[in-house]
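This is a predicted model, with the sequence first.
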Amino acid sequence: MIKALYPGSFDPFHNGHVEIVERAAALYDVVVVAAMRNPQKAGPLFSLEERKEMIESAISHVHNVEVVSLSTLVVDLARALGAGVIVRGLRVVSDFEAELQMAQMNRRLSGIDTVFIPTSAEFSFLASKLLREVSSFGGDVSSMVPKVVADALNAKYGR
């Protein structure tokens, strides 16, 4: 049995993330989606618990997926879970450079390989940062995020 770990800040979780989860779930026996705190990013819009609950709701149709939330090194979580692979989504070529560096560091620290899954063209422009910005100014991002996330964004921004 191969367990995959799909980590990210997921603040917020969007349709591109959903696609990566669905595709990873078709490749691996179990996929663990981990909403994690990223110390390199400014304060999150949603708490870890809020993100975990939204992700669980958004991917409830995928049956071989678990969702966790923590603040730790990805490789420590991967080892604790017994994950054989780390999954990362790629939107555009410019994502590859930073993701490759992380993958190499993670492999050096743990021996665990990273598999990159390129997102479909229809989601390649989606970024959580952009969705937060558009939503904060009253823009409608409901077609780009699961309904539970659209509802949470609207509540967060008083709509």
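Happy to help now that I have it. Being a predicted model, the structure only gives us computed values, none of them experimental.

is it true that A83 touches V31?
No: with contact defined as CB atoms under 8 Å, A83 does not count as touching V31 (9.3 Å). All C-beta atoms are positioned from the backbone trio N, CA, C, and that covers glycine.

Find residues that contact each of those two.
K3, A4, L5 (CB atoms under 8 Å, 6 or more residues apart in numbering).

what is the rounded mean pLDDT of the host helix or strand of V148?
Under the criterion of DSSP states H and E, V148 resides in helix 147-156. Here helix 147-156 scores 96 as its mean pLDDT.

Mind listing what's buried along that helix?
By 16 or more other CB atoms under 10 Å, the buried positions in helix 147-156 come out as V148, V149, A150, A152, L153.

Return the closest of the residues you listed with respect to V93.
Nearest to V93 out of those is V149 (CB to CB; 26.6 Å).

what's the nearest residue to the closest one if we skip its chain neighbours?
Distances taken as CB to CB, 6 or more residues apart in numbering place P12 nearest to V149, at 4.8 Å, with adjacent residues excluded.
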